[in-house]
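**Q** Structure here, sequence nowhere to be found:
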């Protein structure tokens, strides 16, 4: 029995749904917008979060309102098939990958609703024990880069660990200062991003200096050219992959057999694809860690819950949302997060 088989036939009754817009300024210096999906049925409500990156896609969705024909009696499997037959966007999205993000939002809401209607929880259905979740905070250091975002957080949270996005403007002095913190668990070269605010072109010298300076850090998403591949050849055992992973087929197509893969549920686009990736990784001894996408609502709890069940003790980019604020507040929880799954549903905390 696959992990998907354990939940595919859970029934879910949907009567109607509504949309809720959220927005916040986050540490990567942009206004983040998301949409909460509220599915209702049988006196219960299930929630999911659409993490599509382009604000205009949220504005259009929320203005259009709940127009999709979702009402009826389904199983999680038949509901996923229904979603696959519908156009979830009132107009074409800015990015093709957004189709996956929105499908995940509706499927995660349906999972929450189905479990609440069944009066059970995800960990009970899967037969897995939630464990304390180790997390890192994902940060960019600005342009020109400065140690301030790291120092200001470590002053109040001295045990914090980080996932950082190196850029070609990182000089040797900054790298040495980062090494001295001893707090860097992974570095993300953003090699698969084009036309975004986080683009970082292939830079063999940057790759070499960073990989050499942080000998224990995972190296995520390098852009492999003949020059960068040669520079990183001694460090391939530390490669990890994120942006190109939308399915098991994408894991199989990686240029080198991975030891670690960043699994973002929204990027996998649905429960069956996500759970297949977990099963595939477990069967082949591939490690996983979770990835966040600046969730503002229930979606952050979803990825923390999944991390607690499938990869609790890895550098999960699932820090409590307050750490994504430009000035994180006092009183945020430290790593590891204690397990706090809800008694019923797909909720955390």
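**A** Nice, thanks for sending it over. Quick caveat, the model's predicted, so the values are computed rather than measured. Numbering: from 1, shown residues only.

**Q** confidence score at the most far-flung residue of the chain relative to its centre?
**A** Using Cα atoms, centre = their mean, the residue of the chain lying farthest from its centre is residue 173. It sits 31.2 Å away. As predicted, residue 173 sits at a pLDDT of 97.

**Q** Just to be sure, it is in a helix?
**A** Yes: assessed with DSSP: H, G, I helix; E, B strand; the rest coil, residue 173 lies in a helix.

**Q** do you know how far it is from residue 164?
**A** Distance of residue 173 to residue 164, given as Cβ to Cβ, to the nearest Å: 15 Å. All C-beta spots, glycine's among them, are computed from the backbone N, C-alpha and C.

**Q** try residue 213
**A** 11 Å.

**Q** likewise residue 339?
**A** Residue 339 is 27 Å from residue 164, by Cβ to Cβ.

**Q** quick one: contacts of stretch 107-117?
**A** Identification of contacts with stretch 107-117 by Cβ atoms under 8 Å, 6 or more residues apart in numbering yields 7, 10-14, 17, 37-42, 44-49, 74, 76, 79-80, 83, 121-122, 125, 265, 270-271, 298-299, 302, 344-347.

**Q** Buried by neighbour count, from those residues: which ones?
**A** Burial by neighbour count, 16 or more other Cβ atoms under 10 Å: within the contacts of stretch 107-117 this picks out 7, 10, 12-14, 17, 37-41, 44-49, 74, 76, 79-80, 83, 121-122, 125, 265, 270-271, 298-299, 302, 344-347.

**Q** pLDDT on the longest helix anywhere in the chain, on average?
**A** Longest helix in the chain by number of residues (criterion: DSSP state H): helix 98-117. Average pLDDT, helix 98-117: 98.

**Q** helix or strand right after it?
**A** The helix or strand immediately downstream of helix 98-117 is helix 122-126, counting by DSSP states H and E.

**Q** which strands and helices sit next to that following helix?
**A** Of the remaining helices and strands, those touching helix 122-126 by 3 or more Cβ pairs under 8 Å, 6 or more residues apart in numbering; DSSP states H and E are helix 98-117, helix 298-310.

**Q** Format the ones you listed as TSV; extra columns: distance to residue 292.
**A** Listed next are the helices and strands packed on helix 122-126 as TSV, based on distance: least, Cβ to Cβ, whole Å:
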stretch	distance to residue 292
helix 98-117	13
helix 298-310	6
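
**Q** Touching both of residue 213 and residue 164, which residues are there?
**A** residue 178.

**Q** which one of those two has more residues nearby?
**A** residue 164 (25 against 17; other Cβ atoms under 10 Å).

**Q** Show me what the more buried one bridges to in the sheet.
**A** residue 139, residue 187 (DSSP bridges).

**Q** Against residue 266, how distant is it?
**A** 22 Å.

**Q** How about residue 218?
**A** Residue 218 sits at a distance of 21 Å from residue 266 (criterion: Cβ to Cβ).

**Q** same question, residue 125
**A** Where residue 266 is concerned, residue 125 sits at a distance of 21 Å (Cβ to Cβ).

**Q** what does residue 289 give?
**A** Residue 289 sits 15 Å away from residue 266, going by Cβ to Cβ.

**Q** Give me the contact list for stretch 86-99.
**A** Contacts for stretch 86-99 (Cβ under 8 Å, 6+ apart): 52-54, 56-57, 60-61, 64, 67-69, 102-103, 106, 246, 267, 269.

**Q** Is it possible to mark the buried ones in these?
**A** By 16+ other Cβ under 10 Å, the contacts of stretch 86-99 give 52-53, 57, 61, 102-103, 106, 246, 267, 269 as buried.

**Q** quick one: contacts for residue 228?
**A** 202-204, 207, 222.

**Q** Noted, bye for now.
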